[in-house]
Structures are given as structure tokens and as C-alpha cells.
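1. model this:
(chains A, B, C, D, E and F)
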Number of protein chains: 4
Amino acid sequence: MPRAVREQQMLDAAVRTFGQRGYRAASMDEIAELAGVSKPLVYLYLNSKEDLFIACIRREAKALTTAVRAGVHPGLPADRQLWEGLTAFFTHTAQHPDGWTVLHLQARTHGEPFAAEVAALRADMVAFVTEVIVVAAREARRDPSLPEREVAGLAEALVGAAESLAAWANATPGVTARQAAATLMNFAWAGLGELMGGRPWAAPSGAEAVPAG
Amino acid sequence: MPRAVREQQMLDAAVRTFGQRGYRAASMDEIAELAGVSKPLVYLYLNSKEDLFIACIRREAKALTTAVRAGVHPGLPADRQLWEGLTAFFTHTAQHPDGWTVLHLQARTHGEPFAAEVAALRADMVAFVTEVIVVAAREARRDPSLPEREVAGLAEALVGAAESLAAWANATPGVTARQAAATLMNFAWAGLGELMGGRPWAAPSGAEAVPAG
Amino acid sequence: MPRAVREQQMLDAAVRTFGQRGYRAASMDEIAELAGVSKPLVYLYLNSKEDLFIACIRREAKALTTAVRAGVHPGLPADRQLWEGLTAFFTHTAQHPDGWTVLHLQARTHGEPFAAEVAALRADMVAFVTEVIVVAAREARRDPSLPEREVAGLAEALVGAAESLAAWANATPGVTARQAAATLMNFAWAGLGELMGGRPWAAPSGAEAVPAG
Amino acid sequence: MPRAVREQQMLDAAVRTFGQRGYRAASMDEIAELAGVSKPLVYLYLNSKEDLFIACIRREAKALTTAVRAGVHPGLPADRQLWEGLTAFFTHTAQHPDGWTVLHLQARTHGEPFAAEVAALRADMVAFVTEVIVVAAREARRDPSLPEREVAGLAEALVGAAESLAAWANATPGVTARQAAATLMNFAWAGLGELMGGRPWAAPSGAEAVPAG
DNA sequence: GATGAATGAGACTTCATTCAT
DNA sequence: TATGAATGAAGTCTCATTCAT
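-> Modelled structure (predicted):
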């Protein structure tokens, strides 16, 4: 069996184990057994527990950003781009719950070296959202634009809300990725005030929008 | 030295250690040393590492909900109540960063018994936000109201955004609690769409609002 | 409350705890609590765990030998003396099961200092039995007597059988002290060979003898 | 070095340590050192202190019953069978004093899980003796046989006497297994009364019988 | 006389990691 | 390449014992 395949099996096992047990509670024994290989082989390929965990983070982060990027068409209006990005995001996190747990919870909880790895992922997401906000501002011919820190805060809030909703959707049976995306679009784009006034964001056809009341 | 005082010292040390190292990586030795007592005394008072962690969670959760509740005046309009709650929330999390880390990250990452403890706290927050949304809907004479699951999703998104912003504000020098609250109010109340159109939420005087462009 | 009384309460608690948990597993905390006093008081009166255990052994040993001695009338024939001694022995061990456990099991299992204490008790019992054998030999006008080592072995066997039967009787519901004594008298005095031939030892009236077949 | 060998070395060390120190006082450190291996290896092979102790009990119990069974020829008369069994028993216990201590003292003193293990061994012995008694009764054409409880008591007494004599023989220099067996045969078969009358059990040639006086 | 408060020492157990083959 | 065998280090927890009052 070629090395690359074996390595992916190990990473699969590691992501699952780290996601369910946590970094410290996961034992190399368990990971090796789940991967169907001997422990020394894991060390031969991945060096150490720390390196193994970092490899997991990188693989899952790359898979997530790739999925989101692939779901967005750059030329569209800002709201449409955001909608596509969110849908891709919630779809991916729903399909890879252990990977998402590793990224969202475990990697941030177990010390600097790992937190730094996820920071890159987050920066990517925030950059995507920031870009969308900038596009939206341009569409609205708004100039001068919002202060930079304000935009950073908004992007942070949106990403945080998305992360939180992903965990919520994974834990709540019956919530689909599109529903989660629609909820967040309403919240983010129209705002609670507009929602209350009966003016939700107009979802593209097929999205479960809030009824106009 | 009386027992109650010693116990608080131990909890202080534990919150700090758990917050910085994580539940598993924190050692009872380190906690005892930081508290200035011997390890057996920690066990005598707090029983076990698990019980100690739960005691930390409960103390910090109570402190946070108490602070938020104390900051809100029930009779005010919905947006004003939300603003007050957020301000109190960001103020408290900024003043107790380790406590916030314990609640937001550590408690959710290390197994059911702890996650269950935080769930109560989160339920409290979501309930507060839900209540505000309901009040806002009533103010807008909106009837019939939003579907229940939609409201739950919105509340979840808002709480998630707040949690995320709290961590961001703690990690970004120069961001005050009021700024964080203002950013989130804009985001949540006006929505990105309105913001882009130059119609932000009108912050009460003293809040750092987004300039109207 | 006078010291002597308190001390007895402590010994009561200790015998019970040692008997049920064993020497090492019994904790001074548990003993103090069961005695209804504080731990330092136990140390004030009894010095150390080791001393406390030795005090238990001595008290229980003395109580047992006193009971056996009180039950025997010196002038009687040998078999009658043995019968009385055994009856007293089984009666006492049935009434003080924890004390008997301490003497029979715990004291012999936890190192020299304690085993030495029980050795004295055992020497007493063996001496009693030896004396009975000598009397019996004299009654049979048997001369020269049995070799000394042979007598020692016989006494040892009889005492061992008695000890074993005491534990058996305590653990088997419905076995009375008199029945245990009768069984052992038959075994010891008549021997299996005679028993099989239908010639059991003639128990004094009131004893449950083996029917003559 | 193959695993099976190492495991026996560990059990050897454990039996010796448990036998001399007792279950609680024996430390895994000491056992590992005596076995010439590291402590984790002991855990790898034997799981836990409790499992290690149980493994010791089982091995020693099996060795003892195997030795006794191998020493007895089923077709012989009852007294001869008993004699053979006792000789094998005393021989084995003399050759494995620590194993005997573990079975006779330690296993019974440290809680139910262990006591239950030895109970099986003891049941085996009592069954053997009971069988002999039944055979003896048949040889003597004794009918109806003794009451069941009476037989149980006799068997218990004989086994108890044997156990006690084994410890005594181990502790008394110069007492051989055959002497111990002869003493007990006299005691059990002829009975003290017959012995006093100068009619001992007739030992097979080679056994150190009591001189007929 | 009596105790609440406190600890040094040591127990069992687990785990990341490495050789020798 | 792949692994069976092995361990140093560290963690949680318990307990006999002693002060200061």
C-alpha cells in the first residue's frame, strides 16, 4: 500500500479521534489502532503527536477553504457571493463534523502552536467576508468606506456567527445547511431591525427565506 | 485563614490555569502552587479535578449572567435592552479573560459533564436574546411573529457573534467593550444591507457608532 | 466523658473497621468518624495506627482467652474440659465476629509486629489443648507419653481446625456454637475411623452429637 | 525474551512480594523491580494490581490442586487416599511457602473479589475430603450415612487443620511434609481418644507414625 | 482536653516515544 | 518497510500524621 494512502488513513483516524476525545485525551495507541497500523509507523510518517495534530488541522482547514472558494462565483453581487459562501461553508461542516470540531474547538483550546494554525484559516474567512463587505460598499457607492477596524469587527462578528451556527446546526437534528445559511443571511444582510419591519433579505429562489409576514 | 477565602483563592488559581493550559494540560500541582496551598488541601476542599473544573465553570457562569442581568433595565425598548446587555457582556468578559476562556473554549471541549454545565449558561443568554427579539417584534406590531426555529437560529447567531467578538476584543489591543458592543449592535440591528446604505443603528450618545458616511 | 470510656469507643470503632476493611484499607479518618471523635484525639490516646491496631489485637485476644478460661472447669475429665473450652470458644467468636476476623485474619496478614501479638494468643490456646492432651494421656495411664513434637502437632491441628470452624460457623447461617463444638469433638476425640465404625464421642447431654447410626 | 516467560517472572515476583508484604503493602514498584522489568510492562501484561493479584491466586491455586490430584490414586482405600492427598498437600505447600501464604492468608484478607477466587480452591479441597469420608463410610458399611451438615463440618475441620498445620510446618524447622501428614492422619483417623488408648492409625510403611506406646 | 486546618510522602496508572529486529 | 517489546516521566489521588488554637 503506497505511503500517501496510508498517511491519509492515519489522518482520518486522527481527525476522528481528536475530534471526539480532544487533543490530550486522544492516545496515539487509539489512533494507530483505528488506522489499522502499528504505532511506530505513525511516528515514522507523522513524527510526533503534535505534528500529527498540526497535519490534521492543515488538512481540514485546506479542505474547508477549498470547499468555500469553490462554491463562490466571483463576479456576482455581494449578497449573492456571501450567500454562496455561507451555503458552501455550512454544507462542508455538516459533512465533516469531526474535522469541524477539530478546527473550531480542539485546535483553539490546546495551546499556541495549534491556535496559530487555525488563525490562518480564520484570517482567510475574515478576508473573504471583508472582501464581500468592500464589494457591497462599492455597489452602494458608499465613499469613503467604513473605518478599517469597524469592517474588521463586522467580519469577525459574521464569521463568529457562522461558526456558532455550524455547531448549532450539527447538533440540532433537522436543520439543513441551506436553512442555516438563510438564517444567517437574513440576520447579517437585513438586520434585526429590518426583519422586524417585515423587510427581509431576498433569498435567491430555493433558499428558505423568512416569510415577509 | 478561613476555608471560604482559601476556596476562592483555589478557584482563582484554577480558572487561570485551566484558562491558559486547558483542562487536561493543567496539572493539580500547578494549580495548588499558584493558589499557594498544598495539593491535598485542594482535594480536601474541591474533591477532584473534575469537581474543581465544574466549580470553576459554575462560578464564572454565575458571575457573567449576574453581570449581564445587572446591566439591563427591563422597561426600555428592545434595541436599548440589547445594547445594555451586550455592553455588560463585553465589559465582563474583558475584565475576566481567563474566566471567559474557561466558559467559551475549555468547558465545551472536554467532554459531556462540562459541556452540560455551559449549556445552561448559553441557554440563559439565548433566552435573553430571544426575549429581546420578541419584544422587538411586538414593538413593530409584527404579527404573526417569526417561526420559532427561525427565532432560535437568529438568537444562536447573535450569541455566537457576541462570543466570537468577545474573544476577538480580548485579543485585539485597543478594542473597548463599548466599541465591540456598538459593532455588534450595528451588525445585528441594522444589518449589513442598511449599513451599506448609510443607515446604521442609532447608538445612544456615548456609544461609538459607525459614522453615517 | 472519661478517658477510659472514650478509649473503648475508639477501640470498638477500630476493631470494626479493621475487621471489615483490613489494616491497610482502614483509614484513621473512618475510625475517628465511627468513634464519633476527631482524628487528633485518636492520636492523643492511641499514638499511631500501628499502636491502635496492636491495642485492638490485645483487647480482643484477652477477651477471647478470658472467655475460654472462664468456660472451663479444671477438675473435670479431659474430654469434658475440651468440650467446654470449644463451646466457650465458638460462642465468643460468634458473638464478636469482627474481633475474630482481626485476630484470625488481619493480624496475621500485615507483618511481624502484629503476627507476634497473635502468636501469644495462639500459644495460650495450644497450651490449653496440650494440657488437655496430657491429662487425657494420664487418664489412659499411657506411659511413656507421646513425643513432645507429636503433641505439639496434634495441638496445632486441633487449634487450626477450631479456628477454621469458627470462620465457617460465622459464615454459615444456622450453625450454632454448640453444633460446631460437637462436630469438632467428634472429629478430634473419636476420630474419623471410629466415627465410621459408629462409635462417636459421647457428648454431654444437651450437645448435638452425631447419631450412632 | 518472549512474553510468556516474562509473564511468569512477573508472577513469581508478585507472589513473593504479595506473600511477604500483603496485598496493600506490596507496591507495584517493588514487584516490577524484583521481576527485573519496568513498571509499565507489568501493567501492559497484567493490567492492574487487582488483576495481577488474581492471576497470582489462580496460578498458585491451580498448581496446588494439580499437585494434590496427581498425588492421589483413586482406587485405594479411603485412609490411603487421604494420606496421599495430605502428603502431596504438605509437600507442595512446603515447596511454595509464598504461594501458600498468598492463598491461605492474603487472598482471604483483602476483599471479596479475591476471597471468591480462593473459595473455589477451598471448595475443591473440601470436596476431596468429603469424597474420602463418603468412601470411608461405604467401606464401613455404614448406613444411613452421616447427616450432610455434619459431613460438611467434618470436612471443614479437616481442611482447616491441614491449612493450619501447613503454616505451622513451614514455620517450624525440622518438620517434614510426611511428619505433618502423619500427625494429621493420626488425629483425623484414629482420633485423640484412640490415640490415648494406644491405637493409632496404622501409617503405611515409610510414614512417621506415632509409636504405639 | 479537643479540633479545624494543613501537608509530605507515596500509591496506582497512563502515555508519548524509541529500539532491535 | 514495519512492528513487538519496552520505558521515563508525569498525572491524579489518598493517607498517616501534626500544628496552632
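2. so where's chain A uncertain?
-> Within chain A, the stretches with pLDDT under 70 are A:141-146, A:191-213.
3. mind listing the helices in it by residue range?
-> Assigned by DSSP state H, the helices in chain A fall at A:3-21, A:28-35, A:39-46, A:49-71, A:78-95, A:97-101, A:107-109, A:112-139, A:148-171, A:177-185, A:191-196.
4. out of the ones you listed, which comes closest to DNA strand F?
-> helix A:39-46 (2.9 Å; Cβ to the nearest atom of the strand). For glycine as for every other residue, the C-beta is placed from the backbone atoms N, C-alpha and C.
5. okay, stretch A:82-91 in CSV with CA atoms only?
-> Extracted in CSV, the C-alpha atoms of stretch A:82-91 (Å, rounded to 0.1, in the frame of the first residue of the first chain):
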residue,chain,number,x,y,z
LEU,A,82,-22.0,35.8,0.7
TRP,A,83,-24.9,33.5,0.3
GLU,A,84,-22.9,31.1,-1.8
GLY,A,85,-20.0,31.2,0.6
LEU,A,86,-22.2,30.5,3.6
THR,A,87,-24.0,27.7,1.9
ALA,A,88,-20.8,26.0,1.0
PHE,A,89,-19.4,26.5,4.5
PHE,A,90,-22.4,25.0,6.3
THR,A,91,-22.6,22.2,3.8
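6. end-to-end on stretch A:36-51?
-> 19 Å (Cα to Cα, to the nearest Å).
7. what's the answer for stretch A:172-182, then?
-> Stretch A:172-182: ends 16 Å apart by Cα to Cα.
8. and that stretch with chain B, contact?
-> Yes: applying Cβ under 8 Å from any Cβ of the partner chain, one finds stretch A:172-182 touching chain B at A:175, A:179, A:180.
9. ok, stretch A:76-83 next?
-> Yes: Stretch A:76-83 is in contact with chain B by Cβ under 8 Å from any Cβ, via residue A:79.
10. going by neighbour count, which of the residues of stretch A:172-182 next to chain B comes out on top?
-> residue A:180 (28 neighbours; other Cβ atoms under 10 Å in any protein chain shown).
11. right, and that one touches residue B:156 too?
-> No: applying Cβ atoms under 8 Å, one finds residue A:180 not in contact with residue B:156, separated by 9.3 Å.
12. overlap in contacts, those two.
-> A:165, A:168 (Cβ atoms under 8 Å, 6 or more residues apart in numbering or on different chains).
13. chain neighbours aside, what residue packs nearest to whichever residue of chain A sits closest to chain D?
-> For chain A, the residue closest to chain D is residue A:29, as judged by Cβ to the nearest Cβ, at 10.9 Å. Leaving aside its chain neighbours, residue A:29 sits nearest to residue A:39 (6.4 Å; criterion: Cβ to Cβ, 6 or more residues apart in numbering or on different chains).
14. the one you found contacts residue A:28, doesn't it?
-> Yes: applying Cβ under 8 Å, one finds residue A:39 in contact with residue A:28, separated by 5.8 Å.
15. mind putting the helices of chain A in TSV, distance to residue C:66 included?
-> What follows is the helices of chain A, written out as TSV (distance: least, Cβ to Cβ, whole Å):
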stretch	distance to residue C:66
helix A:3-21	62
helix A:28-35	61
helix A:39-46	65
helix A:49-71	67
helix A:78-95	80
helix A:97-101	71
helix A:107-109	68
helix A:112-139	72
helix A:148-171	72
helix A:177-185	83
helix A:191-196	88
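16. can you tell me what sits against stretch A:27-39?
-> With Cβ under 8 Å, 6+ apart, stretch A:27-39 has contacts from A:6, A:9-10, A:12-14, A:16-17, A:21, A:41-43, A:49, A:52.
17. considering these, which possesses the most neighbours?
-> residue A:14 (27 neighbours).
18. do I have it right that that one meets residue A:56?
-> Yes: with contact defined as Cβ under 8 Å, residue A:14 and residue A:56 form a contacting pair (5.1 Å).
19. show the contacting residues for residue A:97.
-> Here residue A:97 is in contact with A:19, A:170 (criterion: Cβ under 8 Å, 6+ apart).
20. same deal with residue A:126?
-> Here residue A:126 is in contact with A:152, A:155, A:156, A:159 (criterion: Cβ under 8 Å, 6+ apart).
21. residue D:101 versus that one, what's the distance?
-> Counting by Cβ to Cβ, to the nearest Å, the gap from residue A:126 to residue D:101 is 71 Å.
22. quick one on the thing from earlier: wait, which of the helices of chain A is closest to residue B:112?
-> Smallest distance to residue B:112 across the helices of chain A (Cβ to Cβ): 11.4 Å, for helix A:3-21.
23. now the closest one against helix A:39-46, angle please.
-> With axes from the mean of the first three to the mean of the last three Cα atoms, to 10 degrees applied, the angle from helix A:3-21 to helix A:39-46 works out at 110 degrees.
24. what's helix A:3-21 packed up against?
-> helix A:28-35, helix A:39-46, helix A:49-71, helix A:97-101 (3 or more Cβ pairs under 8 Å, 6 or more residues apart in numbering or on different chains; DSSP states H and E).
25. and the ones you listed: which comes nearest residue D:60?
-> Here helix A:28-35 is closest among the helices and strands packed on helix A:3-21 (Cβ to Cβ), at 32.0 Å.
26. near DNA strand F, anything from the closest one?
-> No: judged by Cβ under 7 Å from any atom of the strand, helix A:28-35 stays clear of DNA strand F, getting no closer than 8.2 Å.
27. does that helix come close to DNA strand E?
-> Yes: counting by Cβ under 7 Å from any atom of the strand, DNA strand E has neighbours in helix A:28-35: A:28, A:29.
28. filter the contacts of residue A:126 down to the buried ones, ChimeraX style.
-> Those of those that count as buried under 16 or more other Cβ atoms under 10 Å in any protein chain shown are selected in ChimeraX with:
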select /A:152,155,156,159
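29. in JSON lines, list the contacts of residue A:126 along with distance to residue C:114.
-> Formatted as JSON lines, those follow (distance: Cβ to Cβ, whole Å):
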{"residue": "A:152", "distance to residue C:114": "74"}
{"residue": "A:155", "distance to residue C:114": "74"}
{"residue": "A:156", "distance to residue C:114": "70"}
{"residue": "A:159", "distance to residue C:114": "69"}
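30. before we move on, the earlier item: with distance to residue C:133 as added columns, please give the contacts of stretch A:27-39 in TSV.
-> What follows is the contacts of stretch A:27-39, written out as TSV (distance: Cβ to Cβ, whole Å):
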residue	distance to residue C:133
A:6	80
A:9	79
A:10	77
A:12	79
A:13	74
A:14	76
A:16	76
A:17	72
A:21	70
A:41	74
A:42	73
A:43	73
A:49	73
A:52	77
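31. farthest pair within the residues you listed?
-> A:6 and A:21 (22.0 Å).
32. re earlier: pick the one among the contacts of stretch A:27-39 closest to residue B:76.
-> Closest to residue B:76, out of all of the contacts of stretch A:27-39 and judged by Cβ to Cβ, is residue A:21, at 45.9 Å.
33. what's near enough to touch the closest one?
-> residue A:30.
34. now do residue A:86
-> A:162, A:180, A:181, A:184, A:185 are the contacts of residue A:86 under Cβ under 8 Å, 6+ apart.
35. burial check on the closest residue in space to residue A:57 that isn't next to it in sequence, number of neighbours?
-> Using Cβ to Cβ, 6+ apart and skipping residues adjacent in sequence, the residue nearest residue A:57 is residue A:117, 4.5 Å away. Neighbourhood size, residue A:117 [other Cβ under 10 Å]: 19.
36. same question, the one 5 residues further on
-> Residue A:122 sits with 20 neighbouring residues when counted by other Cβ under 10 Å.
37. quick revisit: is it possible to get CSV of the contacts of residue A:126 that adds distance to DNA strand E?
-> Converted to CSV, the contacts of residue A:126 look like this (distance: Cβ to the nearest atom of the strand, whole Å):
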residue, distance to DNA strand E
A:152, 37
A:155, 36
A:156, 33
A:159, 31
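38. can you redo the contacts of residue A:126 as TSV with distance to chain B?
-> Shown next, in TSV, are the contacts of residue A:126 (distance: Cβ to the nearest Cβ, whole Å):
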residue	distance to chain B
A:152	8
A:155	10
A:156	5
A:159	7
